[in-house]
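**Student:** Got a predicted structure here, sequence first:
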Amino acid sequence: MQRRLFYFLLSIVITAIVTAGLLVIRDQMEIATVALLYLLPVGTSAALGGLSPGILAALTAFFSLNYFFLPPYGTLMVHQSQDILVLIVFLVLAVSISQLVGRMTNSLATARARENETARLYELSLALSRLHREPDLLTNLAQQTLETFQAEQVEVFTEGEPQPGLIRLPEASSRGNSLSEQPTILVSMQGRQRLLGEIRLWRTGWTLSPSEERLLRTYASQGVLALERARLAANESRARILEESDRMKSALLSSVSHELRTPLATIKAAVTSLRSEDVAWEAEARRDLLAAIEEETDHLNQLVGNLLNMSRIEAGALQLNRRWNVLAEIAAPATKRARLAGPNHRIELDIPEDLPLVYVDDVLMEHVFNNLLSNSLKYSPSNSIIKITAGLQDEQNVWVQVDNQGPAVLEADLKKIFDKFHRVTAADQITGTGLGLSICKGIVEANQGSIWAENLEHGFAIRFTLPTQAEGVNPRIPNE
C-alpha cells in the first residue's frame, strides 16, 4: 500500500515539475507543443508505477494544460472550440499512452516475478535433490524460505517418522524473540496420504502478496516431495539391510552348523572311545585319539576366532595393538601349524632376513597367515607346494604372497573372493564358512595395507602389502 501511494505522489510531482518548466517559456511555445511535452510525465509515471499512476498523471496533465496554458489563464474555462478539441485529443492520447505503458510495465513486472519464481524453485529443487537426510532437507527448506521471502523467522515442523522435528531459522535471537506468537502465514505440507508438517513464517512490515503466497505453497509442495523421497529411500535402505541381514544369518547358521558338527562329532567319538572300559586301548591308539581331539579343538578355536573377528570388524570395534615386528616371526607359527595340519603338503617359508620391520598387530596378522594357509590346504592338491614369500615393494611397504598349486579362479570370482560367505566351490565339496578371506581383508586393511587375489601360471595366490613406516617414520633399530 505504501509503495502504491509513493508512485501516485511521484506522478503528481513529475507533472508539477514539467508544468513549472513550461510556465517559464509559455509565451514562446504553441499549445500543441505543450500538449506533446505533457505526454512525457504521463509515460514516465505509467512506466514507473503502472496503469493507475499513469492515469493520475494524465488527468493532472489535462487540468494543468487547461488551467495554465489555455486562455484565459488561471481558470478551467475554454472559450475557443479549437482548444476544446485539443484538450479532448490530449486526454484521449494521455489515457491511451498510460494504459499501454502501464500494461507493458505490469506485464514486464509479472514476467520478471515469474522468472524469479522459476529461478528460486529451480534452486530449491536442485538443493533438495542433492540431500538425502531428513534434517538436512528441512534445514535447507527453511533457509531457502527465509532468504526468498525476506522473513525474520521461519519454522518447518514435521510430524511422524522417525519422530516429530522442528527446524527454526534463524536460531533464537533477540529479534526472533520479539516476534508475535502467531506467524504471518502458516502453510501445510500435505502428503499423498497424510499431513507431513507445516511451514510457519514471520515477516513484519508488510503481508505476503498473492504471488508470494502461491510461491510459498509451491515451496511446501517441493518440501513434501523431497521428504517423501527421503523416507522412501530410507525405508528401501532398511528393507535391503534387513534382507541382507537375513541372508547373512541364514548363510552363517548353515555354514557354522555344518562346520561345528564335524569337529564336535569327532571329539565326542574320541572321548567316548577313550572312556570306554570294554576296549583295552594301546598307547599308540590313545595318542591317535588324543591327537584327533587336539586337531579338532584347534579347528573349533579357529572357527570361533574367525566369527569373533568378523563381528568386531563389522562393528568397527577391532582393537589394534600395532608395533614393530619381524614378518618372518609372525608367519613362522602359522607355518608350523599348517605343516602339522597338512602333512601331505610341502609348505615353504621364504622371507628375506634383511626385510624391514612391519608396523602391524602381530596377533591379528598371525590370524591372517593361519586363514590363508588353511585356505590353501583346502584347495590345493595333495603333495603340492604351498609357499609364503615376501619382498620390499617400495620405501613404505612390503609385499607378501601366499600361493599354492590349486586350480585357477574365474575372473568374476576374483573380485568377490573376499566377500563374506562367498565360496568358489560348492560347500558340499570343500568345507568352510566363507569368512576366512573376508577376515583377512578386514585385518590387512585395518593395518593400513591392501590385499588382492590373482591367478598364477601354475596355481593361485593371495597377495597383500604391509606398512614399514608409522606415520611416515621408520623404526629406530639399535646398533647391536
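**Tutor:** Yep, that arrived.
**Student:** got any ranges where the stretch 351-480 of the chain has weak pLDDT?
**Tutor:** When residues are selected by pLDDT under 70, those of the stretch 351-480 of the chain lie in 421-434, 472-473, 476-480.
**Student:** can you pull out the helices in it?
**Tutor:** Remark: helices assigned in the stretch 351-480 of the chain by DSSP state H, counting those that start in this stretch are 362-379, 411-416, 436-446.
**Student:** Quick check: which of these is nearest to Arg133?
**Tutor:** Checking the helices of the stretch 351-480 of the chain against Arg133 by C-beta to C-beta gives helix 436-446 as the closest, at 27.1 Å. (Each C-beta comes from the backbone N, C-alpha and C, glycine too.)
**Student:** Might one say that Val326 is in contact with Tyr359?
**Tutor:** No. Between Val326 and Tyr359 there is no contact, the gap being 11.8 Å when judged by C-beta atoms under 8 Å.
**Student:** pLDDT weak spots in the stretch 201-350 of the chain?
**Tutor:** The low-confidence ranges in the stretch 201-350 of the chain, as defined by pLDDT under 70, are 244-262, 277-281, 302, 306-307, 309-317.
**Student:** follow-up on the earlier one: more neighbours, Val326 and Tyr359?
**Tutor:** Between Val326 and Tyr359, counting by other C-beta atoms under 10 Å, Tyr359 is the more crowded of the two (20 against 15).
**Student:** Could you pull up the contacting residues of that one?
**Tutor:** 322-325, 447-448, 466-470, 475 (C-beta atoms under 8 Å, 6 or more residues apart in numbering).
**Student:** Low-confidence ranges, the stretch 51-200 of the chain, go.
**Tutor:** Scanning the stretch 51-200 of the chain for pLDDT under 70 picks out 79, 160-166, 171-180.
**Student:** From the contacts of Tyr359, pick the one nearest Arg286.
**Tutor:** The closest of the contacts of Tyr359 to Arg286 turns out to be Asn325 (C-beta to C-beta; 38.9 Å).
**Student:** wait, isn't that closest one in contact with Val360?
**Tutor:** Yes. Using C-beta under 8 Å, Asn325 is in contact with Val360, at 6.0 Å.
**Student:** Counting neighbours, go ahead and name the busier of the two.
**Tutor:** Neighbours were counted for Asn325 and for Val360 using other C-beta under 10 Å; Val360 has more, 27 against 19.
**Student:** Count the neighbours of the nearest residue to that one once chain neighbours are set aside for me.
**Tutor:** Excluding its sequence neighbours, the residue lying closest to Val360 (C-beta to C-beta, 6 or more residues apart in numbering) is Asn447, at 4.5 Å. By other C-beta under 10 Å, 21 other residues sit near Asn447.
**Student:** now the one 4 residues further on
**Tutor:** Other residues within reach of Ile451, judged by other C-beta under 10 Å, total 20.
**Student:** My understanding was that it contacts Phe418; is that so?
**Tutor:** Yes. Using C-beta under 8 Å, Ile451 is in contact with Phe418, at 7.1 Å.
**Student:** joint contacts of the two?
**Tutor:** In contact with both Ile451 and Phe418: 440-441, using C-beta under 8 Å, 6+ apart.
**Student:** Would you tell me which of the helices of the stretch 351-480 of the chain gets closest to Leu39?
**Tutor:** Leu39 sits nearest to helix 411-416 of all the helices of the stretch 351-480 of the chain, at 80.5 Å, using C-beta to C-beta.
**Student:** same for the closest one, what does it pack against?
**Tutor:** Judged by 3 or more C-beta pairs under 8 Å, 6 or more residues apart in numbering; DSSP states H and E, the packing partners of helix 411-416 are strand 451-456.
**Student:** Sheet partners, orientation included, of the strand it packs on?
**Tutor:** The strands beside strand 451-456 in its sheet (DSSP bridges) come out as strand 459-467 (antiparallel).
**Student:** who touches the partner strand?
**Tutor:** Strand 459-467 has contacts (C-beta under 8 Å, 6+ apart) with 327, 358-360, 365, 368, 372, 375, 379-380, 393, 396-409, 437, 440, 444, 447-455.
**Student:** Any of the residues you listed buried? List them.
**Tutor:** Among those, those scoring as buried are 327, 358-360, 365, 368, 372, 375, 379-380, 397-406, 409, 437, 440, 444, 447-449, 451, 453 (criterion: 16 or more other C-beta atoms under 10 Å).
**Student:** Any of the contacts of Tyr359 buried? List them.
**Tutor:** By 16+ other C-beta under 10 Å, the contacts of Tyr359 give 322, 324-325, 447-448, 466-469 as buried.
**Student:** all strands of the stretch 201-350 of the chain, in order?
**Tutor:** 323-325, 346-350 (DSSP state E, counting those that start in this stretch).
**Student:** Show me what the shortest one pairs with in its sheet, parallel or antiparallel.
**Tutor:** Sheet pairing for strand 323-325, assigned by DSSP bridges, gives strand 358-360 (antiparallel).
**Student:** And for the last one?
**Tutor:** Sheet pairing for strand 346-350, assigned by DSSP bridges, gives strand 385-392 (parallel).
**Student:** Dump the C-alpha coordinates for stretch 96-116 into PDB.
**Tutor:** C-alpha atoms of stretch 96-116 as PDB (Å, rounded to 0.1, in the frame of the first residue of the first chain):
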ATOM      1  CA  SER A  96      -4.200   5.600 -24.000                       C
ATOM      2  CA  ILE A  97      -0.500   6.000 -23.500                       C
ATOM      3  CA  SER A  98      -0.800   5.500 -19.800                       C
ATOM      4  CA  GLN A  99      -2.800   2.300 -20.400                       C
ATOM      5  CA  LEU A 100      -0.300   1.000 -23.000                       C
ATOM      6  CA  VAL A 101       2.700   1.800 -21.000                       C
ATOM      7  CA  GLY A 102       1.100   0.600 -17.700                       C
ATOM      8  CA  ARG A 103       0.100  -2.700 -19.200                       C
ATOM      9  CA  MET A 104       3.500  -3.100 -20.600                       C
ATOM     10  CA  THR A 105       5.100  -2.300 -17.300                       C
ATOM     11  CA  ASN A 106       2.700  -4.700 -15.400                       C
ATOM     12  CA  SER A 107       3.400  -7.400 -18.000                       C
ATOM     13  CA  LEU A 108       7.200  -6.900 -17.600                       C
ATOM     14  CA  ALA A 109       6.900  -7.000 -13.800                       C
ATOM     15  CA  THR A 110       4.800 -10.100 -14.000                       C
ATOM     16  CA  ALA A 111       7.300 -11.800 -16.300                       C
ATOM     17  CA  ARG A 112      10.200 -10.800 -14.000                       C
ATOM     18  CA  ALA A 113       8.300 -12.100 -11.000                       C
ATOM     19  CA  ARG A 114       7.600 -15.400 -12.700                       C
ATOM     20  CA  GLU A 115      11.200 -15.600 -13.900                       C
ATOM     21  CA  ASN A 116      12.400 -15.000 -10.300                       C
END
